[in-house]
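**Student:** For reference, the sequence and a predicted model appear below.
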Protein chains: 2
Amino acid sequence: MTIVPVPSPAPSPRAMIPFVSVDSMMRLVNRVGVEQVLSELAETIEADFRRWPAFDKTPRVASHSDVGVIELMPASDGDFYGFKYVNGHPGNPISGLQTVTAFGVLAEVATGYPVLLSEMTLLTALRTAATSAMAARHLAPKGARVMAMIGNGAQSEFQALAFKAVCGITEVRLWDIDPAATARCAGNLAGSGLSVTPCRSAESAIEGAQIITTCTADKAHATILTDNMVGAGVHLNAIGGDCPGKTELAAAILHRSTIFVEYPPQTRIEGEIQQLAPDHPVTELWEVITGAAVGRTDDAQITLFDGVGFAIEDFSALMWLHRRIGGTGLAQMLDMIADPDEPRDLYGMLRRAGA
Amino acid sequence: MTIVPVPSPAPSPRAMIPFVSVDSMMRLVNRVGVEQVLSELAETIEADFRRWPAFDKTPRVASHSDVGVIELMPASDGDFYGFKYVNGHPGNPISGLQTVTAFGVLAEVATGYPVLLSEMTLLTALRTAATSAMAARHLAPKGARVMAMIGNGAQSEFQALAFKAVCGITEVRLWDIDPAATARCAGNLAGSGLSVTPCRSAESAIEGAQIITTCTADKAHATILTDNMVGAGVHLNAIGGDCPGKTELAAAILHRSTIFVEYPPQTRIEGEIQQLAPDHPVTELWEVITGAAVGRTDDAQITLFDGVGFAIEDFSALMWLHRRIGGTGLAQMLDMIADPDEPRDLYGMLRRAGA
């Protein structure tokens, strides 16, 4: 008897996982248009917030060190499961590295097989801005057209363009302790159609603004806005306070505001409201969207979106990408899942590959 | 003034993540030799168990559905951080898919940057077998040469070869409720140097064996070994009981055994000892390795390694791979981390890529 070695067949399509690289993500966003992407993300995230109770919500799993944190953020709607890996290392820029980098995976719940691996540094910046703008569409005063932006770092242009695309903002007023950051943000927004006004102080930036976005990066309790700076009727979009020990707003502002959050168990640890008593009343944003809770009730009210970033937003972003990347040719197929011709014969696959 | 567009520089080496595909993993293992790989993994895992208290240990984060589970298993030694994504879907083989697939990531704690992405379906099979054999080296009776293997599925050949390479086993006696599984396992082990004896019953398989490995796959409380089948002096390597509701041994066997586990908080939920009282005495394997606890004390003792698989073993396996893959040319570099020329200018990078 002659034994003829059987060559391993190519892996099944299910074993090949589409990968969206940083380069592919940039191509996709530039092809679709960044404002269109932000609008689509805001719609996707809002639709997922509308079915909030359908999600399996787990607090992020964090591994802390002296110099930073590495987190895994899982979420599932019962059909798909997504998770994001994200780090936060404030000292990284000194070595020319990003403070925050991220990647993520989407998988099918029915089989457990991944269906997408993607860079998520850019995608997180996009989903964060889309979430802020989506929240403001529900909470900001009607007819808001001017936004102050305190903190002009990596998140600032995405926020500005999301508020333009989703809320109809026409002017942004910029301030940062680093004038170079403001200059870079203003330069990046040139030609966007937004009127861009660099300002000499935070006080000057908020003049005439109906929306104030804070997105500074210091990992410390800082008072970016003092109580007297925030007038009646504005909407505050507080993005920078997003981990324990890092806040941006004077506590007095919080006491004057109606506070809206993504997921209270996480926001009470990571958000501006870590400064408040653990039972301080907050409204969950998803309830405003479904109509179960009220949002803005009068023109003089200060509304505050205390955004920290929640896993469902990453899930929404991965689902959006999963739909959008198909047929573009931008995904690279990775041989990531072992696919023996006979499921129980893992060793045989290895052995035949070596023959 | 003329503005000259600056082309985006290529990403820095730190932004490119080495990826080990299934194909590359098979090439590496076949190049090094599977027994050599198993020996090296056993050494690496043992060295990490020896410094057990240095690890940040987190129970796995599981997302359950009606048809399976998706888990994230993180671990860190303070210098590196690793996690594994793994699913368990007993119904998958009906559709030609694997019950368990896995991939993992290793990252640098100092920067949070990933340094390795790898398939881990094969790597998990290898590390599971290496862990079993490493435990048996400390617990099995001296001079053990014959191992019974109850359950001849995907894990079986790896177990057999690990026990040959690490413990000096010369004969394996096979039994499975599915004769085709036994035939395939025997065929795969032909030429390995092991004496392979297919048996007609579990009772027959354990005749003369000093080590009994159970690695069946049913997701149910099953009694693969009854009390009368286990004689004095043997070492039990119980691998298949690895999630709530899934066990292989009659409880009476557990009561006659000295039980060794990886990480009690996890094993009490997932292992054979889920059948016992929550305070039933168990010994942590790492303490046997450091000498802080005793292993086997006499020839008549039944030792039981109740292995469920712990995140530190995956960490060890990823670290082994990280060292071993360098210079082989087998890793594919993935553009996974956004790397703006100026760390805070993420939007500028996107904009310039579209110019």
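**Tutor:** Perfect, I can see it now.
**Student:** all contacts plus neighbour counts: C-alpha atoms, from now on.
**Tutor:** Will do.
**Student:** Relative to chain B, how far out is the closest residue to A:Ile269 other than its chain neighbours?
**Tutor:** Leaving aside its chain neighbours, A:Ile269 sits nearest to A:Pro244 (5.9 Å; criterion: Cα to Cα, 6 or more residues apart in numbering or on different chains). Taking Cα to the nearest Cα, to the nearest Å as the criterion, A:Pro244 is separated from chain B by 18 Å.
**Student:** residues contacting the residue of the stretch 151-300 of chain A found nearest chain B?
**Tutor:** The nearest approach of the stretch 151-300 of chain A to chain B comes at A:Ala154, 4.6 Å away (Cα to the nearest Cα). By Cα atoms under 8 Å, 6 or more residues apart in numbering or on different chains, the residues touching A:Ala154 are B:Pro343, B:Arg344, B:Asp345, B:Leu346, B:Tyr347.
**Student:** residues from the stretch 51-200 of chain A in reach of chain B?
**Tutor:** Counting by Cα under 8 Å from any Cα of the partner chain, the residues of the stretch 51-200 of chain A close to chain B are A:56, A:63, A:65, A:67-70, A:76, A:78, A:87-89, A:92-93, A:96-99, A:101-103, A:109-113, A:118-119, A:121-122, A:153-155, A:157-158, A:184, A:188.
**Student:** among the residues you listed, which are in strands?
**Tutor:** In strands, defined here by DSSP state E, the members of these are A:Asp56, A:Ser63, A:Val69, A:Ile70, A:Ser76, A:Asn87, A:Gly88, A:Ala102, A:Phe103, A:Ser118, A:Glu119.
**Student:** The first one - how many residues pack around it?
**Tutor:** Just to be clear, that refers to A:Asp56. Neighbouring residues of A:Asp56 were enumerated by other Cα atoms under 10 Å in any protein chain shown; the total is 15.
**Student:** how near is it to A:Leu139?
**Tutor:** Distance, A:Asp56 to A:Leu139, by Cα to Cα, to the nearest Å: 26 Å.
**Student:** Widest-spaced pair of the ones in strands among the residues of the stretch 51-200 of chain A next to chain B?
**Tutor:** Within those, two members stand farthest from each other by Cα to Cα: A:Asp56 and A:Gly88, at 24.5 Å.
**Student:** hang on, isn't A:Met229 packed against A:Glu203?
**Tutor:** Yes - with contacts counted by Cα atoms under 8 Å, A:Met229 reaches A:Glu203, the gap being 6.6 Å.
**Student:** quick one, which of the two is more surrounded?
**Tutor:** Between A:Met229 and A:Glu203, A:Glu203 has the larger neighbour count (other Cα under 10 Å), namely 16 against 13.
**Student:** May I ask which helix or strand encompasses the more buried one?
**Tutor:** Counting by DSSP states H and E, the element that carries A:Glu203 is helix A:202-205.
**Student:** Rounded mean pLDDT for that helix, please.
**Tutor:** Rounded to a whole number, the mean pLDDT of helix A:202-205 is 96.
**Student:** helices and strands around it, which ones?
**Tutor:** Contacting helix A:202-205 under the criterion 3 or more Cα pairs under 8 Å, 6 or more residues apart in numbering or on different chains; DSSP states H and E are the following elements: strand A:146-150, strand A:171-175.
**Student:** Could you rerun that using 6 Å?
**Tutor:** Secondary-structure packing of helix A:202-205 (3 or more Cα pairs under 6 Å, 6 or more residues apart in numbering or on different chains; DSSP states H and E): strand A:171-175.
**Student:** so for the strand it packs on, what's the average pLDDT?
**Tutor:** 98.
**Student:** where does the residue lying closest to A:Ile17 once chain neighbours are set aside sit relative to B:Gly78, distance-wise?
**Tutor:** The spatial neighbour of A:Ile17 that comes closest, neighbours along the chain excluded (Cα to Cα, 6+ apart), is A:Leu334 at 5.0 Å. To B:Gly78, A:Leu334 is 30 Å away according to Cα to Cα.
**Student:** just to revisit the earlier point, mind listing which of the contacts of A:Ala154 are in strands?
**Tutor:** With strands identified by DSSP E, none of the entries of the contacts of A:Ala154 belong to them.
**Student:** Neighbour count added to those residues, as a markdown table?
**Tutor:** As requested, those are exported to a markdown table (neighbours: other Cα atoms under 10 Å in any protein chain shown):
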| residue | neighbour count |
| --- | --- |
| B:Pro343 | 20 |
| B:Arg344 | 23 |
| B:Asp345 | 23 |
| B:Leu346 | 23 |
| B:Tyr347 | 24 |
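**Student:** Looking at those residues, spot the one nearest A:Gly327.
**Tutor:** The shortest gap between A:Gly327 and any of these belongs to B:Tyr347, at 25.5 Å (Cα to Cα).
**Student:** Next, the residue positioned nearest the centre of chain A: secondary structure please.
**Tutor:** Nearest to the centroid of the C-alpha atoms of chain A, with distances taken as Cα atoms, centre = their mean, sits A:Thr128, at 3.0 Å. Reducing the assignment to helix, strand or coil with DSSP: H, G, I helix; E, B strand; the rest coil, the entry for A:Thr128 is helix.
**Student:** Just the buried residues out of the residues of the stretch 51-200 of chain A next to chain B, in ChimeraX syntax.
**Tutor:** Selecting in ChimeraX just the buried members of these, where the criterion is 16 or more other Cα atoms under 10 Å in any protein chain shown, is done with this command:
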select /A:63,68,69,70,76,78,87,88,89,92,96,97,98,99,101,102,103,109,110,111,112,113,118,119,121,122,153,154,155,157,158,184,188
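**Student:** Perfect, that will be all.
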